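**Student:** please work out how this folds:
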Amino acid sequence: MRGVLSDRMGAALLMAPLLLFLVPAYAWPFLGVVKWSFTLPTPGLGQYEALLTDDLVQSVFIRTLRIAAIVTVVSVAAAYAITVVWVRGSPAQRLIAEFCILVPFWISVLTRAFGWVALLSNRGLINTWLQSIGFISEPLTLVRNEFGVVVGMTHFLIPFAVFPLASAMRSLDDRVLLAARGLGSSRMRTFWTVFVPMTRSGIIGSALIVFVFSLGFFVTPAILGGGRSVMIAELIYLRIFQSPDWGLGAAISVVLVLFVGALMALLFRYVRPKQLI
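**Tutor:** A predicted model of the protein is given here:
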């Protein structure tokens with residue numbers, strides 16, 4: 001009993017400096033935003049009522065959830081395939097997969113976004129090449145729409161989805177897979193009926209992490225969306241810095257933070273913390 005208490009006290013002491021930093025750096029400013037949402041431009045719940053009645057705000061919320069859902073599905077699926085190679089491939093395959101996972105972290109999100117603009121724009125490399133081989137006569141509209149936003153966000157978020165999946169896959173007992181093969185199961189059947197279900201917690205963790213990141217994306221949608229696929233973070237920026245409508249921007253921020261907080265609670269409720277590392 002004393003050992004448990006001492007461990008908890010030690011953990012609390014280790015967490016204390018972090019909490020002392022988070023309270024003034026995040027909690028106190030957020031309380032100021034909450035105050036704005038109830039007091040600007042006039043005191044009351046008018047800004048929260050606007051969230052339920054403003055067609056623009058509702059359409060942006062729906063678009064954000066739709067894009068986040070698409071990005072989550074595509075990112076987790078791609079990350080799962082990469083992680084399988086990284087964890088269970090040959091040494092050469094693992095090296096290539098690790099290179100593909102780690103190199104994107106060395107490139108800033110702004111650089112990646114403009115790189116995709118260079119690839120997907122009307123005079124970009126993809127359209128130029130397709131026109132040169134006669135596959136298309138007019139350039140495809142690949143940017144300044146939701147497609148470009150999804151591509152850019154997916155490219156950025158795949159590495160973040162890999163690590164929870166890798167943790168779940170590395171925790172598997174290979175003897176279970178060998179037992180399934182020994183009972184006559186094919187490789188494909190073993191993969192879908194044994195391997196994938198046993199990594200379910202990693203899939204859930206990756207999906208929640210990617211979805212939460214997607215909700216707050218700003219730079220990539222702003223550049224690749226070109227103002228035509230505005231997401232919630234960009235709407236907050238517009239309301240705060242360009243309208244200016246600080247009260248409505250603050251209300252949107254509060255709702256977004258509460259929604260993300262609920263998702264994070266689900267993450268730590270259904271996924272063991274060690275599987276996120």
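
**Student:** where does the stretch 151-277 of the chain dip in pLDDT?
**Tutor:** Residue ranges of the stretch 151-277 of the chain with pLDDT under 70: 270-277.

**Student:** run through the helices of it in chain order.
**Tutor:** Taking DSSP state H, counting those that start in this stretch, the helices of the stretch 151-277 of the chain run over residues 174-182, 187-190, 196-198, 200-215, 219-225, 232-237, 246-270.

**Student:** right, so of these, which gets closest to V23?
**Tutor:** When the helices of the stretch 151-277 of the chain are compared by Cβ to Cβ, helix 246-270 sits nearest V23, at 15.4 Å. C-beta here means a position set from N, CA and C on the backbone, and glycine is covered the same way.

**Student:** buried ones in stretch 58-71?
**Tutor:** For stretch 58-71, the neighbour count (16 or more other Cβ atoms under 10 Å) marks V60, F61, R63, T64, L65, I67, A68, I70, V71 as buried.

**Student:** likewise for stretch 90-105?
**Tutor:** Neighbour-count burial for stretch 90-105 [16+ other Cβ under 10 Å]: A97, I101.

**Student:** check the offset of it from the chain's centre.
**Tutor:** Stretch 90-105 sits 21 Å away from the centroid of its parent chain (Cα atoms, centre = their mean, to the nearest Å).

**Student:** just want the angle from the lengthiest helix in the chain to helix 174-182.
**Tutor:** Longest helix in the chain, counting residues (DSSP state H): helix 55-88. Helix 55-88 runs at 80 degrees relative to helix 174-182, counting by axes from the mean of the first three to the mean of the last three Cα atoms, to 10 degrees.

**Student:** so who does the spatially most central residue of the chain touch?
**Tutor:** Per Cα atoms, centre = their mean, the C-alpha nearest to the average position across the chain is that of V210, at 2.4 Å. By Cβ atoms under 8 Å, 6 or more residues apart in numbering, the contact list for V210 reads V71, T72, S75, V76, L157, F160, A161.

**Student:** repeat that for S121.
**Tutor:** Residues near S121 by Cβ under 8 Å, 6+ apart: N127, L142, V143.

**Student:** inside helices: which ones of those residues?
**Tutor:** Using DSSP H, the members of the contacts of S121 that fall in helices are N127.

**Student:** by neighbour count, which of the contacts of S121 wins?
**Tutor:** Among the contacts of S121, V143 has the most neighbours (other Cβ atoms under 10 Å), with 25 neighbours.

**Student:** what is the burial count for the residue nearest to it when sequence neighbours are not counted?
**Tutor:** Of all residues not flanking V143 in the chain, L120 sits nearest, at 4.6 Å (Cβ to Cβ, 6 or more residues apart in numbering). L120 has 23 neighbours, counted by other Cβ under 10 Å.

**Student:** gap between L120 and S137?
**Tutor:** 18 Å (Cβ to Cβ, to the nearest Å).

**Student:** cool, L248 as well?
**Tutor:** Distance of L248 to S137, given as Cβ to Cβ: 45 Å.

**Student:** returning to that earlier point: could the buried residues of stretch 58-71 go into TSV alongside pLDDT and distance to W28?
**Tutor:** Shown next, in TSV, are these (pLDDT from 0 to 100; distance: Cβ to Cβ, whole Å):
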residue	pLDDT	distance to W28
V60	93	28
F61	92	27
R63	94	32
T64	94	27
L65	93	29
I67	95	31
A68	95	28
I70	96	36
V71	97	32
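
**Student:** let me know the closest of the residues you listed to D173.
**Tutor:** V71 (32.3 Å).

**Student:** ok, the closest one - contacts?
**Tutor:** V150, M153, T154, L157, V210, F211, S214.

**Student:** looks like the first one contacts T72 (just checking).
**Tutor:** No - assessed by Cβ atoms under 8 Å, V150 is found out of contact with T72, at 10.5 Å.

**Student:** for W28, find the nearest of the helices of the stretch 151-277 of the chain.
**Tutor:** Closest to W28 of those, according to Cβ to Cβ: helix 246-270, at 13.9 Å.

**Student:** what pLDDT does L5 get?
**Tutor:** What the model reports for L5 is a pLDDT of 54.

**Student:** got the domain ranges for this structure?
**Tutor:** Listed domain ranges for the chain are 1-39, 46-276 (source: automatic domain parsing).

**Student:** for I70, which non-adjacent residue is spatially closest?
**Tutor:** Leaving aside its sequence neighbours, I70 sits nearest to V150 (Cβ to Cβ, 6+ apart; 5.5 Å).
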